[in-house]
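1. Sequence first, then the predicted structure:
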Amino acid sequence: MVYSSLLFIYGFLPISLLIYYVTPKKLRNAVLLLLSMVFCGLISLYFLIFMAVYTLINYTAGILTERKNKIAAAIPLAGGIIFDLTAILVFRTEYFSWLKDIIRAPEGFFPVGISFFTLSAVGTLIDVYCGRIKAERNLIQFGLYFLFFPKLLMGPVLRYGSFSKILSRRKCGLNEIGVGFTIFVKGLAKKIIVADNLYMLYMAVKSIEVTEMPALTAWLGIIAYLLCLYFTLSGFADMGTGIGYCFGIRLPQSFSYPMFSTKIRYFTARWHMQVTSWFRRYVTRPLCSVSRSRIYQKLIFIIVWAIAGYWYGFSINGIIWGLILGTAIVIENRFSSTKILRATSVLYTFLIVLVCFVFFSGESLEYSLRYMFAMIGGSGLLADTLLLHLLKSYTVIILIAVYSSTNLFRNMIMRSGKTKLGAVFTAASPLVVLLMFIICTAFISFSGSSEMMLMKL
């Protein structure tokens, strides 16, 4: 079950809200944890068991790590981190497939969101060890930190101290439900209307033999992939944020219009913002603090981006994705003041990002290199009749995706302010949201489901 399923939208979510709001305030954390456990159980019973064990181990490791004797505290710290990293390697790589047999994991089982709650778990243990936060003794609140279903599928990756503050500052009411529902529908529309159609376009291009793929068709395919991935990830992130808002818990946004950024470092800073911040806080800064050598720090910066790329894809292609981004940022920082880069900022950023995602999208390094060769005309063809058909069928959705991936519409609303245009937007907003919700429901009902994901996270 995912946020975009009819079972969740018309069943689990409204029932959960009803139970939550009739529950006394003192018991709402416990109710949220119980609802989150039910959500995990609806995904699979094994997933619920896995999450319960995972949470208890990290809860115990956190308490044992909170010691004045740092040498003694390092043992549970190391144990907890090794467990967390082993868990993600077991389910996201084939290197520890034998462990799946030992724990009797069902065939095809994958802990949804493991990439995100692994970062949360490791960061929490490090913060406790360094004395930045105290180990949480309240098992209900600690369990909610991992299992809270609005942030389970797509984050955001929050430090435990930040999550605790968000819980303590919650505001519940009809206004929060209204705002949350609006954000949820926005994310749902991103996934159902935009991402799912772009996915079909990408699959149509991918069905062509790469050695026979026309250059323009290859460019169309990778643009469709990048936009589809963005609207899938940001769509689920917005849905999670909206759901959290309905419960009075204001989770931060994970994406801030990264597409068509004027610099590569702006793109990376706006793409999965909390993930980028996590690697900067827990990996880049500690390693760079070892030496003041600029060469050393730049090398570490690139290596960390390679690690982040591996975290995203757990493949050699993911590492190359990270290496290209990290290297490009270092080069950009060196030459960013030049007039050529300033004049072509959006263009060169978008091109480099596209190259990165050619590697990210490929099943293998060989396929990605062949795809790159096709993009520069390796097949000897510039276009064909299929390209014309695809453009005729998907031009409108591509234009919608391009416009929606910018902040132009948001800025227009903000500038309208208290003018008559702003009043029109305010009056029409509920009707537009309701219409989008009905359209999304119709699309999901017609297709049967909307659970396609381009990647496991």
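-> That came through, no problem.

2. Domain map for the chain?
-> Here the domain assignment for the chain is 18-169, 171-263+344-457, 269-335, based on automatic domain parsing.

3. Let me know which of those is the nearest to Tyr10.
-> Of all the domains of the chain, domain 171-263+344-457 sits nearest to Tyr10, with 8.2 Å by CB to CB. For every residue, glycine as well, the C-beta is placed using N, CA and C.

4. nearest to Ser4, of the domains of the chain?
-> Among those, domain 171-263+344-457 comes nearest to Ser4, with 4.5 Å by CB to CB.

5. Including mean neighbour count and distance to Leu6, could the domains of the chain go into JSON lines?
-> Putting the domains of the chain into JSON lines (neighbours: other CB atoms under 10 Å; distance: least, CB to CB, whole Å) gives the following:
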{"stretch": "domain 18-169", "mean neighbour count": "17", "distance to Leu6": "13"}
{"stretch": "domain 171-263+344-457", "mean neighbour count": "17", "distance to Leu6": "6"}
{"stretch": "domain 269-335", "mean neighbour count": "18", "distance to Leu6": "28"}
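
6. Quick one: residues contacting Ile352.
-> Going by CB atoms under 8 Å, 6 or more residues apart in numbering, Ile352 touches Ile264, Ile324, Leu325, Ala328.

7. and of those, the nearest to Ser315?
-> Ile324 (14.3 Å).

8. The closest one in helix, strand or coil?
-> Here Ile324 takes the helix state, with states given by DSSP: H, G, I helix; E, B strand; the rest coil.

9. And the closest residue to it other than its chain neighbours, which helix or strand is it part of?
-> Computed as CB to CB, 6 or more residues apart in numbering, the closest residue to Ile324 that is not its neighbour in sequence is Cys356, at 4.9 Å. Here Cys356, judged by DSSP states H and E, is contained in helix 345-361.

10. For Gly143, give its distance to Thr86.
-> Look at Gly143 and Thr86: by CB to CB, to the nearest Å, they are 21 Å apart.

11. And the pLDDT at Met414?
-> At Met414, the pLDDT value in this model is 73.

12. Tell me which other helices or strands the longest helix anywhere in the chain touches.
-> Longest helix of the chain, by residue count under DSSP state H: helix 215-246. Other helices and strands packing on helix 215-246, by 3 or more CB pairs under 8 Å, 6 or more residues apart in numbering; DSSP states H and E, are helix 13-22, helix 174-189, helix 196-206, helix 345-361, helix 365-375, helix 385-404.

13. just checking, what packs against the longest one?
-> Contacts of helix 385-404 with other secondary structure elements, assessed using 3+ CB pairs under 8 Å, 6+ apart, are made with helix 196-206, helix 215-246.

14. Of all these, which one is nearest Thr23?
-> helix 215-246 (14.4 Å).

15. All the strands of the protein, in order from the start?
-> Per DSSP state E, the chain carries no strands over any range.

16. helices and strands of it: which one has the lowest mean pLDDT?
-> Counting by mean pLDDT, DSSP states H and E, the chain has its least confident helix or strand at helix 339-343, which shows a mean of 67.

17. first vs last residue of stretch 166-176, how far apart are they?
-> 14 Å (CA to CA, to the nearest Å).

18. next one: it to chain centre, how far?
-> Computed by CA atoms, centre = their mean, to the nearest Å, the chain-centroid distance of stretch 166-176 equals 24 Å.

19. So for that stretch, mean pLDDT?
-> Averaging pLDDT along stretch 166-176 gives 91.

20. about what we covered before: and the domains of the chain, which one's lowest on average pLDDT?
-> Among these, domain 171-263+344-457 scores lowest, with a mean of 88.

21. how far does it sit from the chain's center?
-> That offset, for domain 171-263+344-457, works out to 13 Å (CA atoms, centre = their mean).

22. Now for Leu198: which residues touch it?
-> Residues near Leu198 by CB under 8 Å, 6+ apart: Ala224, Tyr225, Leu227, Cys228, Phe231, Tyr394, Ile397, Ile398, Ala401.

23. again, only using 7 Å
-> Ala224, Leu227, Cys228, Phe231, Ile397, Ala401 (CB atoms under 7 Å, 6 or more residues apart in numbering).

24. gap between the last one and Met213?
-> Using CB to CB, one gets 22 Å for the distance from Ala401 to Met213.
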